[in-house]
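Peer 1: Got a sequence here, can you model it:
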Amino acid sequence: MEMGDTIFMFLCTLLVFIMTPGIALFYGGMLRSKNMLSTTMHSYTAIALVSIQWVFLGYTLAFGKDVFGVIGGLDFIGLKNTGFETLNGTIPSGLFMLFQMMFAILSVAILSGSIAERMKFGPFIIFILLWTTLVYDPLAHMIWGGGFLSQLGILDFAGGNVVHISSGISGLIAAILLGKRSNAKNSTPNSLPLAILGAALIWVGWFGFNVGSALTFNSIAMNAFISTMVASAAGAVGWSFVEWTTKRKPTVLGAVSGAISGLVSITPACGFVEIFASLPIGFIGGIVCFYGVTAIKQKLGYDDTLDAFGLHGIGGIWGGMATGLFATTKVNEAGANGLFYGDPKHLLTECMGILFTMIFSVVITFLILKGIQTFTSLRVKPEQEMIGLDLSIHGEKAYERPIL
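Peer 2: Below you'll find the predicted structure:
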């Protein structure tokens, strides 16, 4: 065990944990005040329930011995053979387990943004436990745990497919099945400062998310660190540029959304691409995500409440494609050369991985939600939606004088 790597990963794990409370603030600030606490509850419920699921079953399904290339065996069920004494590389296996737990929690928190303001809390609990077990855990195994996607050569350094595409696409399917919110067009943020604070916590935590995926502080981790910063800055510039030119007003919410778009876009690539490649990756990510949450959403007519698909789904798809374009073994010998470095086949490989992740997430998410619907409805009653989920479901409110 390397003490330096252990301390490094301990800090990265805490940083990734901060991202989920950050999402609670980011999402909560963008909703009407009558639903602010309900979406906060979604994120904190993810922390509580996914942690338990991961300890008993999730970790072993994701990182246990490979079974048919799609799922892990029961080697680590109930954290068997996992702790301080056993190692994963140069760090304790228990620490690796906790680091990966934060990714599973975060994925559910991201997804929850799509169904805010209208999903029952009980079905939400059932859904996230089934989704984590049947969607997230298999994908984590297929890409990071030695499954068939990794064997095909698909690269995903820190979660473009596993976290962002899966949660964004699944959130879109859930939003479509739930239907549009009543009076959704009149929904305005109750507190932009809270949303911006949440975005700041997400931004800071993302360094642990991307850099920690190296599992040691080496040249690859340093590359990921710098690339993450550059891409997030470029994403903010890209989003603000297109917002300014099309709407004539660059917004603060747009700038921080652009930064998150850049972060999502660089996530699968940060350990495989040269630093200067992160500039176009982040900049284009900001632009495509802007159109994802505006033009595409408006044209197709779905109600993805907090744009989990527009930011994370679309950003993750672009990030995977960018990995196929810009990856180079000069940065990481364990990676591959992308289209711009002489191997057009790798772009095709990445696109195959993206397509599989999308189809897998759509089909399993649809089946889970339809299965739940055979026992109970997914959506709250119209009167509960009108009152707000904070009072009607949780019996509390965020402000003494509600700001609608």
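Peer 1: ok, so what distance separates K120 from T376?
Peer 2: 7 Å (C-beta to C-beta, to the nearest Å). Bear in mind the C-beta positions are built from the backbone N, C-alpha and C, glycine included.
Peer 1: ok, these two, which is more surrounded?
Peer 2: Neighbours were counted for K120 and for T376 using other C-beta atoms under 10 Å; K120 has more, 21 against 10.
Peer 1: residues contacting the nearest residue to that one once chain neighbours are set aside?
Peer 2: Excluding the flanking residues, the one nearest K120 by C-beta to C-beta, 6 or more residues apart in numbering is V380, at 5.5 Å. If a contact means C-beta atoms under 8 Å, 6 or more residues apart in numbering, then V380 has R118, M119, K120, L389, S392, I393 as its contacts.
Peer 1: Compute the distance between the closest residue in space to H42 that isn't next to it in sequence and G72, please.
Peer 2: Excluding the flanking residues, the one nearest H42 by C-beta to C-beta, 6+ apart is S112, at 3.8 Å. Going from S112 to G72 by C-beta to C-beta gives 25 Å.
Peer 1: more neighbours, those two?
Peer 2: More neighbours surround S112 than the other of S112 and G72, with 30 against 25 (other C-beta under 10 Å).
Peer 1: name the helices or strands packed onto the lowest-mean-pLDDT helix or strand in the chain?
Peer 2: Across the helices and strands of the chain, mean pLDDT, DSSP states H and E gives its lowest value to strand 87-88, namely a mean of 79. Packing partners of strand 87-88 (3 or more C-beta pairs under 8 Å, 6 or more residues apart in numbering; DSSP states H and E): helix 93-112.
Peer 1: Please point out which parts of the helix it packs on sit buried.
Peer 2: For helix 93-112, burial by neighbour count (16 or more other C-beta atoms under 10 Å) applies to 93-112.
Peer 1: was I right about V273 contacting L279?
Peer 2: No: here V273 does not reach L279: they are 10.4 Å apart, not a contact under C-beta atoms under 8 Å.
Peer 1: More neighbours: which of the two?
Peer 2: Per other C-beta under 10 Å, whichever of V273 and L279 has more neighbours is V273, with 31 against 17.
Peer 1: Near the closest residue to the more buried one other than its chain neighbours, how many other residues are there?
Peer 2: Nearest residue to V273, sequence neighbours excluded (C-beta to C-beta, 6+ apart): F326, at 4.2 Å. With neighbours defined by other C-beta under 10 Å, the count for F326 comes to 23.
Peer 1: F326 reaches E274, doesn't it?
Peer 2: Yes: with contact defined as C-beta under 8 Å, F326 counts as touching E274 (7.2 Å).
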